[in-house]
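here is my input; please provide its structure:
(2 chains)
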Amino acid sequence: MSKATIIVGLDGGEAGHRALAFASGQAKLIGDCALKLVYVIEWSPFSFQTSEENDQRHKRREEELSLARTRIMDPAVKSVTDSGLAVEGIVKHGDVADILDDLAKKHSAQQIVVGRVGLRGLKERMFGGVTGRLAVASSVPVTIIP
Amino acid sequence: MNKFLTTGLGAAAASALPAIASAQEAVGMDQRINDIFAGSTGWFVNLIFMSLPGTNFPWIVLWLVVAASVFTIYFGFIQIKAFAHAISLVKGDYSDPDDAGEVSHFQALTTALSGTVGLGNIAGVAVAVGIGGPGATFWMILAGLLGMASKFTECTLGVKYRNEYPDGTVSGGPMYYMTKGFKERGLPLGGFLAIVFSIFTIGGALGGGNMFQANQAHAQISGIVGDYPGWITGVIFAVVVFAVIVGGIKSIAQVTEKVVPFMGILYVAAALVILIVEYDKIGWAFGQIFAGAFTGLGVAGGFVGALIQGFKRAAFSNEAGVGSAAIAHSAVRTKEPITEGVVSLLEPFIDTVVICTMTALVITISGVLVMDPATGQFILNEAGTSIQTIDGSSGVQLTSAAFATGFSWFPYVLAVAVVLFAFSTMISWSYYGLKAWTYLVGEGKTKELIFKLIFCFFIIVGAAAQLGAVIDFSDAMIFAMAVVNITALYCLMPIVKREMNSYFSRLKSGELKKFVK
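Next comes the predicted model:
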């Protein structure tokens, strides 16, 4: 068991890469530090679905998980492992901010690192963005990489 | 039950004076479709609605009420006992976070609700109150409360005996508990019941799940833009439904599924506002409902008429005991089938006890039913079949007129709501029908396509035919499903009881816990 744990939020894009690069650098400085890479598939148990979507749901879920693992998580985990850090990849369905915070608590992490996705205009004002919500609700320090 | 024929809404369309020759031909075509349809289904309707010897009480109504009462007593008033737990389950308190991404209780419930909340709550209630008077509401609420126990029984079984295929998809419903459940209990005829049930389900999908919807959607649209031949609405609806279920254009269905709940909320909100504005009449309206429930207040058929209408329309609206919900609920992710049964209790409650009652109260308070001020009794129409209304309307147009007394613009909103409700109910029932069809003929692209084409064709028939003929056929098919389904539920209810006792004792002992965040 490592002394320190950092939770890194991936988004399958540039922002996630930046977060991962920063967190890897921090982990090396700390020395004995584990990284938990997290990719969240946006999903709400309170959405409305058709009967057909429901009976396909389990199948779709498996497909979504395996796609996220092969396309996003496995390459990310591999790149960090190659640099000699202890790392674990986690893929889950749900709300990004909730899940990152839940995992931080579960693994007693010292901080959460996420990349900033540039939302602009109305969308940003209405929803505040994931990073904003995470910063407001998180129980551990959050580092947002611009 | 032929008396409904004279109250048809579509009669207005048929008697319209067409200005151009092509329209005249079209009305003639509507009439021909109606005649052929009424003529070929009449015998079955008569069989289902046959009265008990020496009375005018249809045996099928007794069948549903007795079943709902038996389940209520057998499961120890589960609808009251488990009500709070049902809400807790829907909130996700007992859902394993590791199952995130699977079908939740909330989703299974809302999917099933979008198949039931719809025209039954708007048009069906107006038919019940128009014929049976406000008293029909009392029996409707009672039927809704009792029906919760029927729903609990069938949805528990639906989840317990569903088929899970290697590719991860699921198929559930009465067909599966009839075959697998009967086998488990060593009972004969399970396979036979499943086949009969599937045939009736296809009929129900084409009737209440399709033609009734198309018919009332047309009545609503033509009420606003003026009379025009029904088959035109039918063709338009058929094309859109075809695009979704055959063309696989999911975006239309997904948009509908997202808009429909908001229409439902808007409908209830509008009803509430009308009730709040007219709050001084609410006491009087409930007085009418209770008095009418036992005396009939001069409606056709007296108190028995009110009772029959109330029970019939409740069953048609919430589908408790019919078996359709067991198909819709079976996709949920849960290790305990009983949890889905408990969640499904909420369905008749929301559908009938809340939404139908709102509609009935608005109709009663709005004064669209003509009453003799001297005697306090309702005045019947010329044919003596239903209560006279201020503008002679019935069905969804009566509801529309009632809401218009509060908001003059509401008929437009209601028209949009009716079209969307009709559409989402059609999509839901095309799925139920398809499940029954593939159970009978097997799965396969061509076989599924045949059913979908038949389904689209019946939309046109439904929009063109008159309300009376359509409503009779729809009722008959839905109730025929209930005959078979409830027979199976009686045979399998000990299994549900065993599951129920085991689940609730583990819940009590703390073995099953809420998941804390």
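
tell me where the model's unsure across chain B.
By pLDDT under 70, the weakly predicted segments of chain B are B:1-30, B:253, B:296-301, B:376, B:383-384, B:467, B:516-517.

the same query, at a cut-off of 50, please.
Applying pLDDT under 50 to the predicted model, the residue ranges of chain B that meet it are B:1-23.

check which helix or strand the residue nearest the centre of it maps to.
By CA atoms, centre = their mean, chain B has its centre lying nearest to B:Ser317, at 2.9 Å. Using DSSP states H and E, the secondary-structure element containing B:Ser317 is helix B:302-318.

ok, now which ones touch the residue nearest to the centre of chain B?
B:116, B:120-121, B:124-125, B:140, B:351-352, B:356 (CB atoms under 8 Å, 6 or more residues apart in numbering or on different chains). All C-beta atoms are positioned from the backbone trio N, CA, C, and that covers glycine.

turn the residues you listed into CSV, including distance to B:Met500 and secondary structure.
Rendered in CSV, the data for the contacts of B:Ser317 read as follows (distance: CB to CB, whole Å; DSSP: H, G, I helix; E, B strand; the rest coil):
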residue, distance to B:Met500, secondary structure
B:Thr116, 23, helix
B:Gly120, 28, helix
B:Asn121, 29, helix
B:Gly124, 31, helix
B:Val125, 32, helix
B:Met140, 27, helix
B:Asp351, 23, helix
B:Thr352, 23, helix
B:Cys356, 27, helix
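
how far out from the middle of the chain is the helix holding B:Ser317?
Between the mean C-alpha point of helix B:302-318 and the mean C-alpha point of its chain there is a distance of 13 Å (CA atoms, centre = their mean, to the nearest Å).

mind listing what's buried along that helix?
B:302-303, B:305-318 (16 or more other CB atoms under 10 Å in any protein chain shown).

who in chain A is up against chain B?
Taking CB under 8 Å from any CB of the partner chain as the measure of proximity, chain A contacts chain B at A:41, A:43, A:45-59, A:61-62, A:64-65, A:92-94, A:98, A:102.

all the helices of the stretch 151-300 of chain B, residue numbers only.
Secondary structure of the stretch 151-300 of chain B by DSSP state H, counting those that start in this stretch: the helices cover B:174-176, B:182-185, B:190-206, B:212-225, B:230-245, B:250-277, B:282-295.

next: chain A.
In order along the chain, chain A carries the following helices (DSSP state H): A:14-30, A:51-68, A:74-82, A:96-106, A:121-127, A:129-137.

now do the closest residue to the residue nearest to the centre of chain B other than its chain neighbours: how many residues are near it, please.
Closest residue to B:Ser317 apart from its sequence neighbours, by CB to CB, 6 or more residues apart in numbering or on different chains: B:Gly120 at 3.2 Å. Per other CB atoms under 10 Å in any protein chain shown, the neighbour tally for B:Gly120 reads 31.

skip the chain neighbours and tell me the closest residue to B:Gly147.
B:Ala320 (3.0 Å).

which residues touch residue 59?
Going with chain A. Counting by CB under 8 Å, 6+ apart, the residues that A:Lys59 touches are B:167-169.

hmm, I had chain B in mind actually
Applying CB under 8 Å, 6+ apart, the residues contacting B:Trp59 are B:50-52.

again, only this time at 10 Å
Shown here is B:Trp59, whose contacts under the criterion CB atoms under 10 Å, 6 or more residues apart in numbering or on different chains are B:48-53, B:483.

and A:Thr143, how far from A:His107?
Relative to A:His107, A:Thr143 is positioned 16 Å away (criterion: CB to CB, to the nearest Å).

next one: A:Gly12
The gap separating A:Gly12 from A:His107 is 22 Å, by CB to CB.

longest helix of chain B?
helix B:467-509.

secondary structure element holding the residue nearest to B:His85 when sequence neighbours are not counted?
For B:His85, the nearest residue in space outside its immediate sequence neighbours is B:Val342; the separation is 5.8 Å by CB to CB, 6+ apart. Element membership of B:Val342, judged by DSSP H and E, is helix B:337-344.

got the angle for that helix vs helix B:467-509?
Helix B:337-344 and helix B:467-509 are oriented at 130 degrees to each other (axes from the mean of the first three to the mean of the last three CA atoms, to 10 degrees).

off-centre distance for helix B:337-344?
Averaging C-alpha positions (CA atoms, centre = their mean) puts helix B:337-344 20 Å from its chain's average.
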